[in-house]
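**Q** build me a model from this:
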Amino acid sequence: MFARGRGAGRQLEWWQQLLLQVFCLVVAVSVLFPIMWIVTLSFKEAGSQRSSTLELIPKSISLSSYQAVIDQPLSKTAGDISFWKLMGNSFFLAAGVSFFSVMIGVAAAYAFSRLNFVGRKFLFLSIGFILLMPGIATLAPLFAMLAKIRTSLEVLRIIYFVLAGLIVTGLILMTISRIRSDDFRAGSIAVVFGGLAVAGLLLWGGLGIDIPKNAKPFDLGRSLYGVGLAMISGALPFAIWNLKGYLDTIPKELEEAAIIDGASPNQIFFRIILPLATPALAVTAFLGFMAGWTEFALTARFINKAENYTLAIALQTMTGQYTTVSWSNFAAMSIMISLPVSIVYLALQKYIVGGLTLGGVKG
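**A** From the prediction side, this is the model:
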């Protein structure tokens, strides 16, 4: 007996239900079959070619392809780098994009949601316009801009001192304000982070590490930092747009009640707004991490040294023009790249879908 669908005021006939279920089955097969085929191919012997048949059950199961990928992730002509180094580079980019897009995005989203300033609507519409642009359209100008930024290691040390000094100063001021408000737990956390920042400042700069005179200038456009900046610039518009939509759903009466109780703007933001916005923050952070983890176009255009390669670039080197493609190794590499993000997504699927819905619709 077919379940009766609930349409716009009427129930579907049995043949309509049948057509709908057949259509859903075709869509499900077209989506799941490539994934299952890749999984099957990855369990073949290392160096195996792709089969001409559409078999989904391997005749024998072998983990040699996974071992081969870990031992030699790049093609022999692409360079020599360990799998764990590739994973570390990918994690560095993904975590950086996730962290900074959320930190900057939530501050900007709160300003758009709660503050009235000149040009507010125009700026927000501009962010929406940027979202409509394909990311590849900004590749050339980003590369041209970052390629011009070349500096020496001595200048980088000065920049480091300045940034570390600002961080330490900010943490000290935050500690003083927290202690005055009798929030000793927050104050102790600030003291710990301040101590770590001071230790890092002394370790790199205060110990007088020598810089070779023949050291090459630092090329931002060819480094992981340059790629990270480019990725953050691409992730920020979505982060601001999504978080602003979610913050609009938080009643302003909560902030007004907190003001009456004597809460400062910072206390309102950190103790009321951020805890309530946790689902949207988690969604934005996850999507930023996933974008950084799987990004290929930017990394392939910017990075030219094997030591800075990511997992996505390593996967591409397996299909080089002058190399014999080992499809079982390619499949194993694909599974190893997608598995961490897939596990996190399945674990947080409820929060991701709910956060996107609340962030995209003003309630």
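
**Q** which stretches of the stretch 101-250 of the chain have low pLDDT?
**A** The stretch 101-250 of the chain contains residues with pLDDT under 70 at 149-219.

**Q** can you pull out the strands in it?
**A** 150-151, 218-219 (DSSP state E, counting those that start in this stretch).

**Q** list the buried residues in the helix or strand encompassing residue 18.
**A** Per DSSP states H and E, residue 18 falls inside helix 14-42. Residues of helix 14-42 classed as buried by neighbour count (16 or more other CB atoms under 10 Å): 37, 38, 40, 41, 42. C-beta coordinates here come from the backbone N, C-alpha and C atoms, glycine included.

**Q** then stretch 282-298?
**A** 282-295, 298.

**Q** same thing with stretch 228-245?
**A** Those buried within stretch 228-245 under the rule 16+ other CB under 10 Å are 228-232, 234-245.

**Q** just the C-alphas of that stretch, formatted as CSV.
**A** Extracted in CSV, the C-alpha atoms of stretch 228-245 (Å, rounded to 0.1, in the frame of the first residue of the first chain):
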residue,chain,number,x,y,z
GLY,A,228,44.9,31.3,3.2
LEU,A,229,44.3,35.0,2.7
ALA,A,230,42.7,34.4,-0.7
MET,A,231,40.4,31.7,0.8
ILE,A,232,39.4,33.8,3.7
SER,A,233,38.4,36.6,1.4
GLY,A,234,36.2,34.2,-0.5
ALA,A,235,34.7,32.7,2.6
LEU,A,236,33.9,35.9,4.4
PRO,A,237,30.9,37.0,2.2
PHE,A,238,29.0,33.8,2.9
ALA,A,239,29.9,33.9,6.6
ILE,A,240,28.6,37.4,7.0
TRP,A,241,25.4,36.7,5.0
ASN,A,242,24.6,33.5,6.8
LEU,A,243,25.4,34.8,10.3
LYS,A,244,23.5,38.0,9.8
GLY,A,245,20.4,36.1,8.9
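
**Q** on that earlier part again, show the subsequent helix or strand relative to the helix holding residue 18.
**A** Next helix or strand after helix 14-42 toward the C-terminus (DSSP H and E): helix 64-71.

**Q** off-centre distance for the lengthiest helix in the chain?
**A** Counting residues, the longest helix found in the chain (DSSP state H) is helix 83-114. Relative to its parent chain, helix 83-114 has a centroid offset of 6 Å by CA atoms, centre = their mean, to the nearest Å.

**Q** quick one: list the elements packing against that helix.
**A** helix 64-71, helix 120-132, helix 224-247, helix 278-294, helix 311-317 (3 or more CB pairs under 8 Å, 6 or more residues apart in numbering; DSSP states H and E).

**Q** and which of the buried residues of helix 14-42 is nearest residue 108?
**A** The nearest member of the buried residues of helix 14-42 to residue 108, counting by CB to CB, is residue 38 at 39.0 Å.

**Q** how about that closest one, what does it touch?
**A** In this structure, residue 38 makes contact with 331, 334, 335, judged by CB atoms under 8 Å, 6 or more residues apart in numbering.

**Q** just give the nearest non-adjacent residue to the second one, would you?
**A** With CB to CB, 6 or more residues apart in numbering as the measure, residue 38 is the residue that lies nearest to residue 334, at 5.8 Å, once sequence neighbours are left out.

**Q** now do that neighbour, the pLDDT please.
**A** pLDDT for residue 38: 86.

**Q** can you check the one 5 residues further on too?
**A** Per-residue pLDDT puts residue 43 at 86.

**Q** residue nearest the centroid of the chain?
**A** Residue closest to the average C-alpha location in the chain (CA atoms, centre = their mean): residue 289, at 2.0 Å.
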